[in-house]
Every structure is written in C-alpha cells, then in structure tokens.
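[1] here is my input, please return the structure:
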Amino acid sequence: MVAAKDKGEKSRVLKPASPGAEAALIYGMLFVATMLAMGKPLTADNLALPAVALFLVVNGCDYIERKSRKNFQQLIVAGSFLLAMASALCMALWIV
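    Numbering: from 1, shown residues only. Alright, predicted model coming up:
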C-alpha cells in the first residue's frame with residue numbers, strides 16, 4: 001500500500017492485507033453476524049462465493065487505480081468497505 005518509511009516497518013513478517021482481502025473479511029464477519037441475528041441457516045456457498053467475488057472486484061479496481069495514478073487512493077478503502085457492508089446485508093435479506 002504505502003512504502004515503508006523506517007527500518008522497523010520493513011522487517012515485518014507479513015505484508016499488509018490488500019483492500020480485497022479486507023473487504024472479503026469484513027463481508028464474512030458482517031454476513032455471519034446478521035445471519036445469526038436473523039436465525040437463518042449459514043452455508044459455505046453463501047459465505048464463500050460472494051467473498052471471493054468481492055476480493056476479485058476490489059483487487060481489480062485497486063490494480064486499475066494504481067496503474068492510472070501511481071499512489072494509493074482512500075476511495076478504494078472506503079468504497080470496498082461500503083461494498084462489503086451492502087453485500088452482506090443484501091445477502092442476509094435475500095436468503096430465505
């Protein structure tokens with residue numbers, strides 16, 4: 001995301017999560033919470049397929065944005081959060 005400024009940040013074991021991974025994780029947490037609150041059944045298909053789609057869409061948008069601007073835009077982070085939140089709520093309401 002942003003280049004490391006000091007030596008302490010360069011020695012990390014794991015790289016920062018991509019916006020797509022963060023959106024998929026947010027979707028998963030919100031979807032499971034709303035499904036449990038509504039008392040509806042949870043399946044792996046309802047959880048995994050939209051999460052993978054969110055991951056691909058957000059990472060694709062991030063890739064296109066990085067190619068055109070050369071710097072990271074906060075719009076990707078905010079947009080991916082709103083997309084994940086809307087997807088989780090729509091999926092929870094759509095499933096019978």
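[2] after the lowest-mean-pLDDT helix or strand in the chain, which helix or strand is next? Please name it.
    Each helix and strand of the chain was given a mean pLDDT (mean pLDDT, DSSP states H and E); the minimum falls on helix 7-10 at a mean of 59. Toward the C-terminus, helix 7-10 is succeeded by helix 19-38 as the next helix or strand (DSSP states H and E).
[3] buried sites along the longest helix along the chain?
    Counting residues, the longest helix found in the chain (DSSP state H) is helix 44-69. Neighbour counts over helix 44-69 (16 or more other C-beta atoms under 10 Å) mark 46, 47, 50, 51, 54, 55, 58, 59, 61, 62, 65 as buried. Every residue, glycine included, has its C-beta placed from N, CA and C.
[4] gap between that helix and the chain center?
    7 Å (C-alpha atoms, centre = their mean, to the nearest Å).
[5] right, and the helix or strand after it?
    Next helix or strand after helix 44-69 toward the C-terminus (DSSP H and E): helix 74-94.
[6] list of residues touching that following helix?
    19-20, 22-24, 26-27, 30-31, 34-35, 38, 40, 46, 50, 54, 57-58, 61-62, 65 (C-beta atoms under 8 Å, 6 or more residues apart in numbering).
[7] list the contacts for the residue positioned nearest the centre of the chain?
    What sits nearest the mean C-alpha location of the chain, by C-alpha atoms, centre = their mean, is residue 23, with 0.8 Å. Residue 23 makes contacts with 54, 55, 58, 80, 81, 83, 84, as judged by C-beta under 8 Å, 6+ apart.
[8] check what pLDDT it gets.
    We note a pLDDT of 94 for residue 23 in this prediction.
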